[in-house]
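1. Need a 3D model of the following:
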Amino acid sequence: MLPSIFGGNLFDDFGGFPFSGFNHHNTDLMKTDVKENNNNYELTVDMPGVEKENVKAELKDGYLTISATSGYSTDEKDNNGRYIRRERHYGSCIRSFYVGTSVTQDEIKASFKNGTLKLTVPKKEEKQLPNNNYIQID
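-> Okay, here's the model as predicted:
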(Lines give C-alpha, C1' and ligand atoms only; values in the text may rest on other atoms or scores of the structure.)
Protein backbone atom coordinates (compact mmCIF):
# COMPACT_ATOMS: atom_id res chain seq x y z
CA MET A 1 0.00 0.00 0.00
CA LEU A 2 1.37 3.43 -0.96
CA PRO A 3 0.91 6.44 1.33
CA SER A 4 -1.59 9.08 0.25
CA ILE A 5 0.25 12.15 -0.96
CA PHE A 6 -2.50 13.84 -2.97
CA GLY A 7 -5.34 15.39 -0.95
CA GLY A 8 -4.76 13.35 2.18
CA ASN A 9 -2.51 12.99 5.16
CA LEU A 10 0.67 11.04 4.46
CA PHE A 11 0.26 9.15 7.76
CA ASP A 12 -3.43 8.19 7.31
CA ASP A 13 -2.55 4.88 5.67
CA PHE A 14 -0.34 3.77 8.56
CA GLY A 15 -3.24 3.99 11.02
CA GLY A 16 -3.13 4.14 14.79
CA PHE A 17 -0.58 5.50 17.20
CA PRO A 18 1.54 7.61 16.89
CA PHE A 19 0.11 9.10 13.70
CA SER A 20 -3.62 9.02 14.52
CA GLY A 21 -3.65 12.50 16.10
CA PHE A 22 -1.53 14.13 13.41
CA ASN A 23 -3.90 16.08 11.17
CA HIS A 24 -3.13 19.38 9.44
CA HIS A 25 -6.50 19.45 7.67
CA ASN A 26 -8.91 19.80 10.58
CA THR A 27 -12.30 20.51 9.03
CA ASP A 28 -13.97 21.01 12.42
CA LEU A 29 -12.53 24.50 12.86
CA MET A 30 -15.00 27.35 12.54
CA LYS A 31 -17.85 25.38 11.01
CA THR A 32 -20.41 28.02 10.13
CA ASP A 33 -24.16 27.90 9.62
CA VAL A 34 -25.74 30.85 7.81
CA LYS A 35 -29.47 31.33 8.20
CA GLU A 36 -31.39 33.87 6.14
CA ASN A 37 -34.32 35.68 7.78
CA ASN A 38 -36.56 38.43 6.39
CA ASN A 39 -34.39 41.31 7.63
CA ASN A 40 -31.03 39.75 8.48
CA TYR A 41 -28.60 36.86 8.30
CA GLU A 42 -27.66 34.81 11.35
CA LEU A 43 -24.21 33.25 11.43
CA THR A 44 -23.44 30.54 13.97
CA VAL A 45 -19.73 29.71 14.16
CA ASP A 46 -18.50 26.71 16.15
CA MET A 47 -15.20 27.33 17.95
CA PRO A 48 -14.68 24.47 20.39
CA GLY A 49 -11.93 25.08 22.92
CA VAL A 50 -11.61 28.79 22.09
CA GLU A 51 -12.03 31.42 24.80
CA LYS A 52 -14.04 34.61 24.21
CA GLU A 53 -10.99 36.86 24.64
CA ASN A 54 -9.28 35.05 21.75
CA VAL A 55 -12.05 35.78 19.22
CA LYS A 56 -12.12 38.89 17.03
CA ALA A 57 -14.62 40.09 14.43
CA GLU A 58 -13.80 42.92 12.05
CA LEU A 59 -15.72 44.65 9.26
CA LYS A 60 -13.56 46.14 6.52
CA ASP A 61 -14.35 46.95 2.87
CA GLY A 62 -17.60 44.98 3.03
CA TYR A 63 -15.98 41.82 4.44
CA LEU A 64 -16.78 40.46 7.88
CA THR A 65 -13.64 38.67 9.06
CA ILE A 66 -13.71 36.37 12.08
CA SER A 67 -10.43 35.24 13.62
CA ALA A 68 -9.66 33.01 16.58
CA THR A 69 -6.56 31.74 18.33
CA SER A 70 -6.26 28.88 20.76
CA GLY A 71 -3.57 27.04 22.63
CA TYR A 72 -3.09 24.49 25.32
CA SER A 73 -0.27 22.68 27.02
CA THR A 74 -0.24 19.21 28.58
CA ASP A 75 2.55 18.48 31.03
CA GLU A 76 2.95 15.16 32.83
CA LYS A 77 5.82 14.42 35.22
CA ASP A 78 6.92 11.42 37.19
CA ASN A 79 7.65 11.59 40.94
CA ASN A 80 11.19 12.85 40.34
CA GLY A 81 10.02 15.82 38.26
CA ARG A 82 11.37 14.49 34.96
CA TYR A 83 9.11 14.97 31.99
CA ILE A 84 7.41 11.86 30.71
CA ARG A 85 5.46 13.83 28.09
CA ARG A 86 5.11 17.50 27.12
CA GLU A 87 2.73 18.49 24.37
CA ARG A 88 1.75 21.95 23.22
CA HIS A 89 -0.72 23.07 20.62
CA TYR A 90 -1.21 26.60 19.35
CA GLY A 91 -3.18 27.64 16.31
CA SER A 92 -5.28 30.26 14.62
CA CYS A 93 -8.07 30.31 12.10
CA ILE A 94 -9.66 33.03 9.96
CA ARG A 95 -12.94 33.11 7.98
CA SER A 96 -14.28 35.98 5.87
CA PHE A 97 -17.77 36.64 4.56
CA TYR A 98 -18.81 39.36 2.14
CA VAL A 99 -21.70 41.27 3.75
CA GLY A 100 -21.69 44.33 1.50
CA THR A 101 -20.43 47.86 1.81
CA SER A 102 -23.79 49.20 3.03
CA VAL A 103 -23.52 47.38 6.38
CA THR A 104 -21.80 49.25 9.21
CA GLN A 105 -19.96 47.89 12.22
CA ASP A 106 -22.59 49.20 14.65
CA GLU A 107 -25.37 47.24 12.91
CA ILE A 108 -23.76 43.83 13.44
CA LYS A 109 -24.62 42.15 16.75
CA ALA A 110 -22.38 39.43 18.20
CA SER A 111 -22.44 37.11 21.20
CA PHE A 112 -20.17 34.27 22.34
CA LYS A 113 -21.23 31.45 24.63
CA ASN A 114 -19.91 27.91 25.21
CA GLY A 115 -17.59 27.95 22.19
CA THR A 116 -20.21 29.28 19.78
CA LEU A 117 -20.11 32.72 18.17
CA LYS A 118 -23.45 34.09 16.96
CA LEU A 119 -23.59 37.10 14.67
CA THR A 120 -26.61 38.95 13.29
CA VAL A 121 -25.95 40.89 10.09
CA PRO A 122 -28.70 43.10 8.63
CA LYS A 123 -29.79 42.71 5.03
CA LYS A 124 -29.21 45.87 3.07
CA GLU A 125 -29.58 46.78 -0.55
CA GLU A 126 -26.29 47.26 -2.32
CA LYS A 127 -25.91 50.39 -4.37
CA GLN A 128 -26.38 49.38 -7.97
CA LEU A 129 -23.59 50.56 -10.19
CA PRO A 130 -24.39 51.22 -13.83
CA ASN A 131 -23.91 48.12 -15.92
CA ASN A 132 -22.32 50.25 -18.59
CA ASN A 133 -18.75 49.12 -19.27
CA TYR A 134 -18.15 51.61 -22.06
CA ILE A 135 -15.32 54.09 -21.83
CA GLN A 136 -16.15 57.61 -22.93
CA ILE A 137 -14.02 58.71 -25.84
CA ASP A 138 -13.30 62.44 -26.17
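2. which residues in this protein form strands?
-> For the chain, the strands defined by DSSP state E cover 32-36, 40-46, 55-60, 63-77, 83-98, 109-113, 116-122.
3. nearest to residue 137, of these?
-> strand 83-98 (33.7 Å; Cβ to Cβ). (Each C-beta comes from the backbone N, C-alpha and C, glycine too.)
4. Just list whatever residues bridge to the closest residue to residue 29 other than its chain neighbours.
-> Leaving aside its sequence neighbours, residue 29 sits nearest to residue 93 (Cβ to Cβ, 6 or more residues apart in numbering; 4.7 Å). Counting by DSSP bridges, residue 93 is bridged to residue 68.
5. Please report how far residue 93 lies from residue 82.
-> Residue 93 sits 35 Å away from residue 82, going by Cβ to Cβ, to the nearest Å.
6. So the two - more neighbours on which side?
-> residue 93 (15 against 7; other Cβ atoms under 10 Å).
7. thought the more buried one was touching residue 67?
-> Yes: between residue 93 and residue 67 there is a contact under Cβ atoms under 8 Å: 7.1 Å.
8. just for the chain, where's the confidence low?
-> The chain contains residues with pLDDT under 70 at 1-28, 72-73, 75-78, 81, 127-133, 135-136, 138.
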